[in-house]
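Undergrad: heads up, no residue letters with this:
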Ligand code: CYC
């Protein structure tokens with residue numbers, strides 16, 4: 001997986017160009033938010049279990065049919081698979097935050113996921129809502145709602161939806 005710097009280097013090296021103004025602006029904002037992204041990732045790591053638990057309760061409260069007979073998260077096995085998926089989204093978001101790049105999300109999370117979900121009857125709408133709830137809980141935890149903090153969640157939600 002790539003990060004903000006390696007991705008920019010491969011783009012510019014492909015055409016043999018020095019970094020231009022755009023590239024330097026991208027790098028500046030990457031470094032300017034660096035400490036904040038690390039702190040956010042550390043906070044997520046320290047609170048992952050509780051974030052996932054809260055996101056699950058909120059999702060099942062908002063969409064109770066998921067855990068009723070016939071719902072996709074009904075039975076303890078599927079309930080657990082759903083919480084595990086939320087944990088995957090959160091963990092990979094914590095990596096993407098540090099990388100300042102969504103490549104790891106494409107490569108490790110999103111590739112093939114829509115097909116898997118559709119063959120198992122996992123509904124996309126509530127999954128996207130689960131990702132949004134994770135984002136909101138992370139905003140609360142970190143105490144801010146900057147674009148860079150929401151970016152990995154927004155990316156997964158829009159690629160899935
Ligand atoms: C299942 N989720 C799965 C499966 C995969 C993933 C591959 C099928 C295999 C399995 O059950 O383990 C997702 N696996 C991933 C991801 C990665 C991976 C993202 C990258 C690290 O390796 N059901 C709902 C909710 C939602 C949900 C809306 C939770 C938000 O109703 C999730 N995913 C869910 C459920 C299953 C599942 C219930 C089990 C479905 C089944 O087996 O019937």
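TA: Received the coordinates, thanks. Bear in mind that the values here come from a model prediction, so they are computed numbers and not experimental data.

Undergrad: give the contact list for the nearest residue to residue 37 once chain neighbours are set aside.
TA: The shortest distance from residue 37 to any non-neighbouring residue, by C-beta to C-beta, 6 or more residues apart in numbering, is to residue 97 (4.9 Å). Heads up, the C-betas are built off the backbone N, CA and C, glycines and all. The contact partners of residue 97, by C-beta atoms under 8 Å, 6 or more residues apart in numbering, come to 37, 40, 41, 44, 148, 149, 151, 152.

Undergrad: now do the buried residues in the host helix or strand of the first one.
TA: Per DSSP states H and E: residue 37 is located in helix 34-62. For helix 34-62, the neighbour count (16 or more other C-beta atoms under 10 Å) marks 37, 40-41, 43-44, 47, 51-52, 54-56, 58-60 as buried.

Undergrad: ok, and which of those residues reach the ligand?
TA: By C-beta under 6 Å from any ligand atom, no member of the buried residues of helix 34-62 lies near the ligand.

Undergrad: CSV for these, including pLDDT?
TA: Listed next are the buried residues of helix 34-62 as CSV, based on pLDDT from 0 to 100:
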residue, pLDDT
37, 97
40, 98
41, 98
43, 98
44, 98
47, 98
51, 98
52, 98
54, 98
55, 98
56, 98
58, 98
59, 98
60, 98
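
Undergrad: contacting residues around stretch 71-91?
TA: Here stretch 71-91 makes contact (C-beta under 8 Å, 6+ apart) with 44, 48, 51-53, 55-56, 59-60, 65-68, 109, 120-123, 127, 130-131, 134, 138, 153, 156.

Undergrad: so which bits of that stretch are buried?
TA: Quick answer for stretch 71-91 (16+ other C-beta under 10 Å): 71-73, 78-79, 82-83, 85-87, 89-91.

Undergrad: whether that stretch contacts the ligand - can you check?
TA: Yes: interface with the ligand: stretch 71-91 contributes 72, 73, 78, 81, 82, 85, 86, 88 (C-beta under 6 Å from any ligand atom).

Undergrad: now the strand or helix carrying the fourth one and helix 34-62, what's the angle there?
TA: Of the helices and strands defined by DSSP H and E, residue 81 is found in helix 76-99. Counting by axes from the mean of the first three to the mean of the last three C-alpha atoms, to 10 degrees, helix 76-99 lies at 160 degrees to helix 34-62.
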